[in-house]
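1. Make a model of this:
(2 chains)
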Amino acid sequence: MTDSKYFTTNKKGEIFELKAELNNEKKEKRKEAVKKVIAAMTVGKDVSSLFPDVVNCMQTDNLELKKLVYLYLMNYAKSHPLCTDCEDPNPLIRALAVRTMGCIRVDKITEYLCEPLRKCLKDEDPYVRKTAAVCVAKLHDINAQMVEDQGFLDSLRDLIADSNPMVVANAVAALSEISESHPNSNLLDLNPQNINKLLTALNECTEWGQIFILDCLSNYNPKDEREAQSICERVTPRLSHANSAVVLSAVKVLMKFLELLPKDSDYYITLLKKLSPPLVTLLSGEPEVQYVALRNINLIVQKRPEILKQEIKVFFVKYNDPIYVKLEKLDIMIRLASQANIAQVLAELKEYATEVDVDFVRKAVRAIGRCAIKVEQSAERCVSTLLDLIQTKVNYVVQEAIVVIRDIFRKYPNKYESIIATLCENLDSLDEPDARAAMIWIVGEYAERIDNADELLESFLEGFHDESTQVQLTLLTAIVKLFLKKPSETQELVQQVLSLATQDSDNPDLRDRGYIYWRLLSTDPVTAKEVVLSEKPLISEETDLIEPTLLDELICHIGSLASVYHKPPNAFVEGSHGIHRKHLPIQHGSSGPAAPVDQPQVIPSQGDLLGDLLNLDLGPPVNVPQVCSMQMGAVDLLGGGLDSLVSDPIIIMHPTLCGWKNIIYVLLSNSWSGPGLISVDFLLLLAVLNFCVLQVWLPAAKAKGLEISGTFSRRQGHMYMDMSFTNKALQHMTDFAIQFNKNSFGMIPTTPLAVHTPLMPNQSIDISLPLNTIGPVMKMDPLNNLQVAVKNNIDVFYFSCLIPLSIFFVEDGKMERQVFLATWKDIPNENELQYQIKECHLNADTVSGKLQNNNIYTIAKRNVEGQDMLYQSLKLTNGIWILAELRIQPGNPNYTVKNTLNEKVCPNLWPVLYNIIWMQLWMYYS
Amino acid sequence: MSVSAVFVLDLKGKVLICRNYKGDVDMSEIDHFFPILMQQEEEGLLNPVLSHGSVYFMWIKHSNLYSHALSKRGTSSYSDCLCVCVYQVFTEYFKELEEESIQDNFVVVYELLDELMDFGFPQTTDSKILQEYITQEGNKLEVAKTKVPTTVTNAVSWRSEGIKYKKNEVFIDVIESINVLVNANGSVMSSDIVGSIKLKTMLSGMPELRLGLNDRVLFALTGRDKGKTVAMEDVKFHQCVRLSRFESDRTISFIPPDGESELMSYRINTHVKPLIWIESVIEKFSHSRVEIMVKAKGQFKKQSVANNVEVRVPVPSDADSPKFKTSTGHAKYVPEKNLVVWTIKSFPGGKEFLMRAHFGLPSVENDELEGKPPITVKFEIPYFTVSGIQVRYMKIIEKSGYQALPWVRYITQSGDYQLRTNT
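-> This next block holds a predicted model:
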């Protein structure tokens, strides 16, 4: 035995024993061991080597033990293997540690990462530094505040000046990522010196690094054209990079800075020339890459068609291209079509139209039509190509051709009517709504030249109710046109279609259009002719161009998802309201007033045929002030008293209000200001009718002489059904009684119907029936539908009517402020809806006053950044609360309403409910 | 702007490998991918960028695998290029990328994914360099001598130091592919040449190379004006080539990667006479037969010979009982592809050959409309470039001063060579 044994026992000694105990199977033993460790720690012994074993003990339900382990952790966190690895001599391990640290997404631990990270950011090995740079971005994602407090952002900025290009690239990437969540902070301080550093690094770093740097460069705004040109000169070589992503990023930078260069300079022209070949080469990549490239080229072609105008051939479709590539190529081909190349393009398109892929063929046929509209000289050739295609008798080709021929007629009226006969031959084979509608439109439009137009249209009328709405609407209009052109023979036909549209249809759009035509025709046929047969504006060249400001924004996003989707990032990226929108730089030039770029005029896409109602579909919306006259009218209606209302087969109208026609007219023309609004406006019209006027619920013809008209109202906290009973029969009526079917709100009459005296022929009586909502509930469709049965001595009659929801707004709908706040927060997002109220010129106080009168209460008012925010609540009789936030921007007549339900309402009912409520609210607001 | 996660799926949509880079996307989002893919495919709207809610899938399909980048933020569309790169790296590691190879090597795959991207930022996708520090065994990390190759972060990230060869050589292949699209009436719709210069470098140390071509722009710059020159429309270079230098004086100078690599590619957009011209008459007599007559003519120099020429003529899918007659070579019916393949082993320039084929058609006609696939041609012409491009010199300078030999080979081949037919 030597003395060395002391050393060995010493070595094993306490620590060794503790280690064994910590790994003991028995809980008690482990607990004891941890206690010993803590004891040792407190007296100053180094027990850090036990770290992994102690951490193992963390998994326990024993609170006491847990606390002890945490105590240990706090003391020795620094000796965590991750932290120690950060000082490993091997840079690979250091980098691995720092990379992994950032991936532990636990807020509490991040604190311990700061020190090692700081060291790694200054590491001698570039591999570690580049990894550390990215780690800062990771950390920022977990705890932004800490990253700022610890000064890591400054360290990152220092790295931009690093000697190693990879480190620079990663620092740029990290900073860009971070600045996305800080839109205003000028994190990436882009000044000429930094730009210079970036440009130098650009030449040396890897392909992906180049992308980060190029993306960053594209956010820089050069101070003058000289600087812009010098940056362009240094970016241009990147166009020769083999990686398509690098090329796209370089194209983005160049496209942006081109804005700053004077248009007549030599350099500008050379640069445009240089852009074309790389874009063409992008098309030789994998199909997926081709697709991305094509989507971007589509934008570039719209912005600067001159770049690729010579290259149309490369967009000719190959047989083995995937369908998504084919469709994109086709789109670009049309954009590049011009007089110079139209013959070639048409030959290609005709070739495509005889392929087998239905989607592609359709698009090809459509493309021929677009060429005709775009290149006037080619129109004739296009039309004859289309006729050739119609001769093939392939069903879908014929249908598509007819749709585009309609558009050609719109662009060149009275030029190609000779082909109508050929089109009519194919009438029977049309089975798609688009094609049927197009054919009907053509027949209606040229009714005077088609001998048997009435027969043709009549043939469509047979199955009127099986047609789609689009066809029904077009057919209605076409027959009205026909009637106005050939009144003598078609009276019966027009009456037939009007009654089909108004009486037998459930579609509000169709019904309303029918009513309007009916009124127009019955009151003033001359005006009707003027309105319906008015001269139509020609359709423009291209209706599918991207709107110029959006296009400019998208150009700034070349190479990103936005450019693939052709939508600005904030339209599809969640939580990106912080992202500030990018703009193309503006030339602060000496070249005088900015020369107007000859952008083709862009017309926002319209709800195809809906607007065709008055044959003005692409006409400008009628001016705003007229809307006010409508409101005046509406008020007048209420004030005019109900006695003077004259009955009418369709609606009861105020005789003094000859402005009605105008009102309807204004409403409709307003609806053209945007697609999607139209049915809302029709609903509004319904709401107006519902609301202000007694509506005929039960016509005399259907009830053996009893006519009932009525409306609903709310007075002094009670709901009433105001009805007018008229006896149009020859005998007197007695023994009236009323009953409601089960309905969505459980509405029943509070008292029986009180008609005490017999109702003599030609006499009427007004009744106010008090209502309550304690009856049985059954969900109706639409929600506010009410079915009523009325009995008298003759028979029992049934009718149904719509209850305006506003009568359910109870007087105690004012929510406590505190409750409001709490509830507002708790409501899940999916119950939230936004709605814009257009053209409302009231200030916040008037609005809240008006709303108060209708039991919509303002809970709080705030002024945020110059906008008035009203927080409002209302309560329905069934106890459902609806909360709303109304945002009023001074000077902007559009209000944004965000409203929420605090109860789970059946999701598909909610939009309906919502529409009805807000239609009525809009009335109040105005 | 970065990628949130990367997935590799098998054909049925089962996840083989996934790597979450940012943690901002629920990993179960991938379950939505496959249904969407199927749905879009059915509707004919399939494209390489799909979305579900706020998540976007950028995907590519290779043999039997889907690989993806998945993103939440406005990801750059480099993701598609990235997928391709990831795929290339995997192939170089595992030879063939199959379900099995992924599963067998999942440790290495994770390690690679880790190195390829960090927090969604692509880092290094050069497999040669990756192979230096991520090895098949996957356990070398503990061995202290594994250092980060300086190449990872170097300005020269594609070549390691200390390479040694006994015999210093470099092989240069100039390959030109001809893409042609000919209309049914015989007019050339589009034609271009895509050229590529490939290197096989076996050189020691850090050699500095300079490649001289008969580039028209260069000749114009230097005022030289003799011999044939070539105007290259668009040139793409391997990252080793100094792009700024090329931009300023058209010099192609570089430090080459070791082994095989594609140094540059170029595109020439001139009207090339299609090297092999095809005239075809395809007559279809419904319910009875199809008669095909194809004439092929070599429109290139008499001294050159095209090898392994294949003319692929489409036939209706319900054709039967083939009969052929050829003036040279032999024809074969490939029913699974609905093609007649006419093979001619060697096809001298200026010659003309003929093939006739006869097929029967069933009396009951196929209802489905068939597409009109074009005739395609494959060929190879050695010792010849259509564009006339030439390697004038390859200068190799290394500080040790060794002598090295460059070897040059030229070949012209068919690229996307399509001739539309009438029927």
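2. CA atoms for contacts and neighbours, from now on please.
-> Fine.
3. in what helix or strand does the residue in the stretch 101-250 of chain B that chain A sits nearest to lie?
-> Residue nearest to chain A within the stretch 101-250 of chain B: B:Lys236 (4.3 Å; Cα to the nearest Cα). Using DSSP states H and E, B:Lys236 sits in strand B:234-237.
4. tell me which strands and helices that strand is in contact with?
-> Packing contacts for strand B:234-237, counted by 3 or more Cα pairs under 8 Å, 6 or more residues apart in numbering or on different chains; DSSP states H and E, involve helix A:266-281, strand B:259-268.
5. Extract the CA atoms of that strand and return them as CSV.
-> C-alpha atoms of strand B:234-237 as CSV (Å, rounded to 0.1, in the frame of the first residue of the first chain):
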residue,chain,number,x,y,z
ASP,B,234,-27.0,35.0,-71.1
VAL,B,235,-24.3,33.4,-69.0
LYS,B,236,-24.6,31.8,-65.6
PHE,B,237,-21.6,31.0,-63.5
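6. Not counting its own residues, what contacts the helix or strand harbouring A:Ile334?
-> According to DSSP H and E, A:Ile334 maps onto helix A:323-336. Helix A:323-336 is contacted by residues A:287, A:290-291, A:294-295, A:297-298, A:301-302, A:305, A:308-309, A:312, A:315-318, A:345, A:360, A:363-364, A:367, A:370-371, B:44-47 when judged by Cα atoms under 8 Å, 6 or more residues apart in numbering or on different chains.
7. Please report how far the residue in the stretch 1-150 of chain A that chain B sits nearest to lies from A:Asp125.
-> Of all residues in the stretch 1-150 of chain A, the one sitting closest to chain B is A:Leu92 (5.6 Å; Cα to the nearest Cα). Per Cα to Cα, to the nearest Å, A:Leu92 is found 9 Å from A:Asp125.
8. Spell out which parts of the stretch 301-423 of chain B neighbour chain A.
-> Residues of the stretch 301-423 of chain B lying close to chain A by Cα under 8 Å from any Cα of the partner chain are B:Leu369, B:Glu370, B:Gly371, B:Lys372, B:Pro373, B:Pro374.
9. Type out the ChimeraX command that picks the buried ones from these.
-> Buried residues among these (16 or more other Cα atoms under 10 Å in any protein chain shown), as a ChimeraX selection:
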select /B:372,373,374
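10. so which of the residues of the stretch 301-423 of chain B next to chain A would you say is closest to chain A?
-> Using Cα to the nearest Cα, the shortest approach to chain A within those belongs to B:Gly371, at 5.1 Å.
11. So the residue nearest to the closest one when sequence neighbours are not counted: helix, strand or coil?
-> The shortest distance from B:Gly371 to any non-neighbouring residue, by Cα to Cα, 6 or more residues apart in numbering or on different chains, is to A:Val356 (5.1 Å). The local conformation at A:Val356, judged by DSSP: H, G, I helix; E, B strand; the rest coil, is coil.
12. How about A:Phe409?
-> Assignment for A:Phe409 (three-state DSSP): helix.
13. what's the spacing between the closest residue to it other than its chain neighbours and chain B?
-> Residue nearest to A:Phe409 in three dimensions, not counting chain neighbours: A:Tyr416, with 7.2 Å by Cα to Cα, 6+ apart. When distance is defined by Cα to the nearest Cα, to the nearest Å, A:Tyr416 is 29 Å away from chain B.
14. Could you tell me how far A:Tyr416 is located from B:Val194?
-> Distance, A:Tyr416 to B:Val194, using Cα to Cα: 45 Å.
15. repeat for A:Leu473
-> Per Cα to Cα, A:Leu473 is found 55 Å from B:Val194.
16. Just give me the neighbour total for the residue in the stretch 201-350 of chain A that chain B sits nearest to.
-> Nearest residue of the stretch 201-350 of chain A to chain B (Cα to the nearest Cα) works out as A:Ser240 at 4.3 Å. Using other Cα atoms under 10 Å in any protein chain shown, A:Ser240 has 28 other residues around it.
17. Which secondary structure state is assigned to the spatially closest residue to A:Lys704 that is not a sequence neighbour?
-> Of all residues not flanking A:Lys704 in the chain, A:Ala729 sits nearest, at 6.8 Å (Cα to Cα, 6+ apart). With three-state DSSP as the basis, A:Ala729 sits in coil.
18. My understanding was that A:Ala729 contacts A:Gln763; is that so?
-> No: in this structure, A:Ala729 is not within contact of A:Gln763 by Cα atoms under 8 Å, at 9.8 Å.
19. Between these two, which has more neighbouring residues?
-> In terms of neighbours (other Cα under 10 Å), A:Ala729 is the more surrounded of A:Ala729 and A:Gln763; the figures are 18 against 13.
20. sorry, back to before: distance from the strand holding B:Lys236 to the middle of the chain?
-> Here strand B:234-237 is found 15 Å from its chain centre; the criterion is Cα atoms, centre = their mean, to the nearest Å.
21. Contact partners for A:Phe820?
-> The contact partners of A:Phe820, taken as Cα under 8 Å, 6+ apart, are A:Ile859.
22. could I get whatever helix or strand it lives in in CSV with only the CA atoms?
-> If you go by DSSP H and E, A:Phe820 is part of helix A:817-826. Listed next in CSV are the C-alpha coordinates belonging to helix A:817-826 (Å, rounded to 0.1, in the frame of the first residue of the first chain):
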residue,chain,number,x,y,z
ARG,A,817,-68.3,49.6,-18.5
GLN,A,818,-66.3,47.0,-16.6
VAL,A,819,-68.4,44.2,-17.8
PHE,A,820,-68.0,45.5,-21.3
LEU,A,821,-64.3,45.5,-21.1
ALA,A,822,-64.1,42.0,-19.7
THR,A,823,-66.6,40.6,-22.2
TRP,A,824,-64.9,42.3,-25.2
LYS,A,825,-61.7,40.6,-24.3
ASP,A,826,-63.2,37.2,-23.8
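23. Only the buried residues of that helix, if you could.
-> By neighbour count on 16+ other Cα under 10 Å, the buried set for helix A:817-826 is A:Phe820, A:Thr823, A:Trp824.
24. can you check stretch A:257-269 too?
-> Result for stretch A:257-269 [16+ other Cα under 10 Å]: buried residues A:Phe257, A:Leu258, A:Glu259, A:Leu260, A:Leu261, A:Pro262, A:Tyr267, A:Tyr268.
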